[in-house]
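Return a 3D structure for these sequence lines:
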Amino acid sequence: MIPKFPLILTLIIAGLLSWLWLTDHVFRSGGLMILTPLWLLLMGLWWALHRSGVRLKRLGLFVLGFVAVMATFRFLIRYEGSADGSALPSLTWRWQKRTMLPALHNIAGDATAISTASVGVADMPRFLGAEGDGVLPEPGWQTDWKAHPPREVWRSAMGDGWSGFAVVGNRAITQEQRGEEECVTCYDITTGKLLWSHADAVRFDEAMGGIGPRATPTVDVAKGVVFTLGATGLLNCLDVVTGVSRWSHAVMQDTNAAGHLQWAQSSSPLIVGDFVVCSGGEKGSSLIAYRCDDGQIAWRAGNDGGSYSSPVRMTLAGREQIVNVNNASVTGHDPATGVVLWSFDWPGAFPKVAQPVQTAPDRVLVTSSYGLKSHMLEIKADASGKLICSPVWSGSAPRTKFSSASVFGTHGYAIDEGTLCCVDLASGERGWREGRYGFGQQIRVGRQWLLIQAEKGFVALIKPNPERLEEVSRLEALSAKTWNPPTLAGRWLLVRNDREAVCFELPTK
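You can find the predicted model right below:
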């Protein structure tokens, strides 16, 4: 007969864990890490104390076992950050070492080099496309990758970091950590050859999120410069051909922030006219604009600090503006002055990462996870012309932790706590939810394709369908945790993580 205490305890713990995982609860990994040791501890104490006559002996054995387990974790096992976006820990033996890539320092590029794009290469000058809205042109390539497999062009080791690539001509630019240096690196997209690198004596290392820079570079094609924001808020303006520095600024200092964000500055710079605009850090100004030519501060705006989301330009209610997700709010700003045009309170202690997505001429969708509600916001002008923001609906879906939603007609598609889902934009009601892509990234391609970089490394091509999941193609690209956004530069697909990068040429139609 099974004793009551072990049975009841096991049923309670198993029930709680089952509920957390079946509902894809945001704290399911935390529950596993707390409840499993708690079950082992209580079961061990019960075993040691429930039988009289041997309690002292068993208690001694229990204490020895507990000390042995703790010593194993202390001296033999090393924690290597999160295994995935749910914060499940990644553990390895202490004697297993990762290959360290050589330092790059400052390597100047050839100022006379030709930068004309190769056949099939198109510019992708910033995070989530030219407009930063996650919408790319219609595909000029085959979508059936089983019948027409993409060609792997090159594969190369890569330093730490979660930055994506920006592409202009044949130059593919990203950020990576090399030892004690935070580097901006430029590669030839057709060969993988390093063209130049710029290094700063900066190193960001956070236990859960990992090492290195997060933000994707932004290229001003007309001016021939690239802007990069490092993990601690160092903004660089570099020559896109040679990598030579034109100017740099410490954004956290310039915004009077209390410090950089806990998991590092992750937002990509936004170019608006003659300004480059950056998001702030902990407290302080929410946005800051610098003059592209000389780096002089043009304006500061907001007082709610920044977030992990990037500022994006939109035209809402007929007025061009910069929409930014801040620490506890969403705001619209005049691009020329930074003046706040409207504001929506969105409090919450956990990170806000997803991009605001425009769904209609006067509506914008903001989404998050960690128990925060997602909101459909409507921006209207009142009789005096002042912009007013009001929520149309608030709901628990989609729960976007690292990625952003994509809009196709009347529905939005997003990775909801690791699983793709479809949401009715009119009501906020979630339809289907299936397809385990982990905490990856996604971009919309044309009118009917969704390209997903899965957390486990593969790339999937989805045909949005409000009735069901319709995965058309899959490409095995990387084999380790991938939080970096994919870069689709015409028919050339660049994907990377904190270990390697790979470039594919997609077959032409």
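
Could you pull out the helices in the protein for me?
Along the chain, the segments classed as helices by DSSP state H run 4-22, 28-49, 55-75, 251-254.

Which other helices and strands does the second one contact?
Helices and strands in packing contact with helix 28-49 are listed as helix 4-22, helix 55-75; criterion 3 or more Cβ pairs under 8 Å, 6 or more residues apart in numbering; DSSP states H and E. Placement of C-beta: from N, CA and C, glycine included.

if we can go back for a sec, the helices of the chain: which one's closest to Leu128?
Between Leu128 and the helices of the chain, the shortest gap by Cβ to Cβ is with helix 251-254, which sits at 20.4 Å.

Counting neighbours, what do you get for Thr112?
Summarising burial for Thr112: neighbours were counted as other Cβ atoms under 10 Å, giving 7.

Also Glu476?
Glu476 is surrounded by 9 other residues when neighbours are defined as other Cβ under 10 Å.

And it, how far from Ala117?
Using Cβ to Cβ, to the nearest Å, we find Glu476 at a distance of 27 Å from Ala117.

hang on, the earlier thing: would CSV of the helices and strands packed on helix 28-49 with mean pLDDT, mean neighbour count and distance to Met314 be doable?
CSV is the format used below for these (pLDDT from 0 to 100; neighbours: other Cβ atoms under 10 Å; distance: least, Cβ to Cβ, whole Å):
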stretch, mean pLDDT, mean neighbour count, distance to Met314
helix 4-22, 90, 13, 37
helix 55-75, 89, 12, 49
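
Between these, which one is closest to Leu425.
Using Cβ to Cβ, the nearest of those to Leu425 is helix 4-22, at 27.0 Å.

Can you check which of the helices and strands packed on helix 28-49 gets nearest to Pro311?
Within the helices and strands packed on helix 28-49, the stretch nearest Pro311 is helix 4-22; the backing value is 34.9 Å (Cβ to Cβ).

right, so of the helices of the chain, which gets closest to Val353?
Nearest to Val353 among those is helix 28-49 (17.3 Å), distances taken as Cβ to Cβ.

So for the closest one, mean pLDDT?
Helix 28-49 shows a mean pLDDT of 89.

How about the residue nearest the centre of the chain: what's its closest non-neighbour residue?
In the chain, the residue lying closest to the centroid (Cα atoms, centre = their mean) is Phe402, at 4.4 Å. The shortest distance from Phe402 to any residue that is not its chain neighbour, by Cβ to Cβ, 6 or more residues apart in numbering, is 4.9 Å, and that residue is Phe439.

and the gap between that neighbour and Gly179?
27 Å.

quick one: the residue of the chain most remote from its centre from Phe5, how far?
Going by Cα atoms, centre = their mean, the residue of the chain most distant from its centre is Gly53, 57.6 Å out. Using Cβ to Cβ, one obtains 19 Å as the distance from Gly53 to Phe5.

Now Lys352. Nearest residue, chain neighbours left out?
With Cβ to Cβ, 6+ apart as the criterion, Lys352 has its nearest non-adjacent residue at 4.4 Å, and that residue is Ser307.

ok, Ala454 touching Tyr437?
Yes: here Ala454 lies in contact with Tyr437, judged by Cβ atoms under 8 Å, at a distance of 4.4 Å.

re the thing from before, right, so of the helices of the chain, which gets closest to Leu270?
Taking Cβ to Cβ as the measure, the helices of the chain were each checked against Leu270, and helix 251-254 came out nearest at 12.8 Å.

Would you mind giving the helices of the chain as JSON lines with distance to Leu234 added?
Conversion of the helices of the chain to JSON lines gives the following (distance: least, Cβ to Cβ, whole Å):
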{"stretch": "helix 4-22", "distance to Leu234": "39"}
{"stretch": "helix 28-49", "distance to Leu234": "32"}
{"stretch": "helix 55-75", "distance to Leu234": "35"}
{"stretch": "helix 251-254", "distance to Leu234": "7"}
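
how about those, which one is nearest Glu470?
helix 4-22 (24.6 Å).

Please state the offset of the closest one from the chain centre?
With Cα atoms, centre = their mean, to the nearest Å as the basis, helix 4-22 stands 34 Å off its chain's centre.

ditto for stretch 231-241
Using Cα atoms, centre = their mean, the mean C-alpha position of stretch 231-241 is found 19 Å from that of the whole chain.

ok, now stretch 214-225?
Average the C-alpha atoms of stretch 214-225, do the same for its chain, and the two points are 18 Å apart (Cα atoms, centre = their mean).

pretty sure Pro102 contacts Leu194?
No: proximity of Pro102 to Leu194 does not meet the contact threshold set by Cβ under 8 Å, at 11.0 Å.

Tell me which of these two has more neighbours.
For Pro102 versus Leu194, neighbours defined as other Cβ under 10 Å are more numerous around Leu194 (14 against 9).

and that one, what does it touch?
Shown in contact with Leu194 (Cβ atoms under 8 Å, 6 or more residues apart in numbering): 104, 107, 185-187.
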